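K.L.:
model this:
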Amino acid sequence: MKIDPKHLAQLSVIVEAGSFQSAADRLELTQPALSRNMSALEARMGTPVFKRDGRRSVPNTLGLRLARNGLAIRLAEEEASVVADQSAKGSAGELRIGAPPIVAGRFITEALSKFISNSQAPPTFECYCQFYGESNLPFCACFFLSCLNSVAPG
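P.N.:
Presented below is the predicted three-dimensional model:
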């Protein structure tokens, strides 16, 4: 069964906000539009996700479980947005370095330190080091940490 992730995200906002109207305000939707989306979710599920008590709707057990999935979707969207913004600004990405240990220790550390310290915001990147002819992962980790420590505030 294919469920619209937008509906799950909206359900999680309803649970957080405590009412359809408050959730609609947060989502910048009208309350009737949000109600229609929740009706569509229930139709898709084939079962209610709310207990209705007159005009009041409270999420049932299924609704609460789906709301947790909706929250995960919202968090993933937010994280993806941050990554995309960082990438667009050039402050995130992947850095691959291949060098003999003496070159890495002497030249690359200094170049990386200058790059990081000249950035507007601290870059977020992954550093992969491969030292040819050696299996030297502990040195790689120390090398990367020394890059970061050399530009630490203070």
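
K.L.:
Please count neighbours and contacts with C-alpha atoms only from this point.
P.N.:
Fine.

K.L.:
Buried residues, the helix or strand where Ala67 lies. List them.
P.N.:
Assigned by DSSP states H and E, Ala67 falls within helix 61-89. Using 16 or more other C-alpha atoms under 10 Å as the test for burial, helix 61-89 gives 63-64, 66-71, 73-74, 83, 86-87.

K.L.:
Determine the set of other helices and strands touching it.
P.N.:
When contacts are defined as 3 or more C-alpha pairs under 8 Å, 6 or more residues apart in numbering; DSSP states H and E, helix 61-89 sits against helix 5-17, strand 92-98.

K.L.:
Kindly recompute the last result at 7 Å.
P.N.:
If contacts are counted by 3 or more C-alpha pairs under 7 Å, 6 or more residues apart in numbering; DSSP states H and E, helix 61-89 sits against helix 5-17.

K.L.:
Which secondary structure elements does the very next helix or strand once past the helix it packs on sit against?
P.N.:
Going down the chain from helix 5-17, the next helix or strand is helix 20-27, by DSSP H and E. Contacts defined by 3+ C-alpha pairs under 7 Å, 6+ apart place helix 20-27 against helix 5-17, helix 31-45.

K.L.:
Now do the last one and helix 20-27, the angle between them.
P.N.:
For helix 31-45 against helix 20-27, the angle between stretch directions is 100 degrees (axes from the mean of the first three to the mean of the last three C-alpha atoms, to 10 degrees).

K.L.:
Give me the next element, helix or strand, following helix 31-45.
P.N.:
Per DSSP H and E, the helix or strand that comes after helix 31-45 is strand 50-53.

K.L.:
Which residues belonging to that following strand are considered buried?
P.N.:
Phe50.

K.L.:
May I have the strands that pair with that strand, each with its orientation?
P.N.:
strand 56-59 (antiparallel) (DSSP bridges).

K.L.:
hmm, back to that, can you redo the buried residues of helix 61-89 as CSV with pLDDT and distance to Ala23?
P.N.:
Below are the buried residues of helix 61-89 laid out as CSV (pLDDT from 0 to 100; distance: C-alpha to C-alpha, whole Å):
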residue, pLDDT, distance to Ala23
Gly63, 96, 15
Leu64, 97, 15
Leu66, 97, 16
Ala67, 97, 13
Arg68, 97, 16
Asn69, 97, 17
Gly70, 97, 13
Leu71, 96, 13
Ile73, 97, 16
Arg74, 96, 14
Val83, 82, 26
Gln86, 79, 29
Ser87, 77, 31
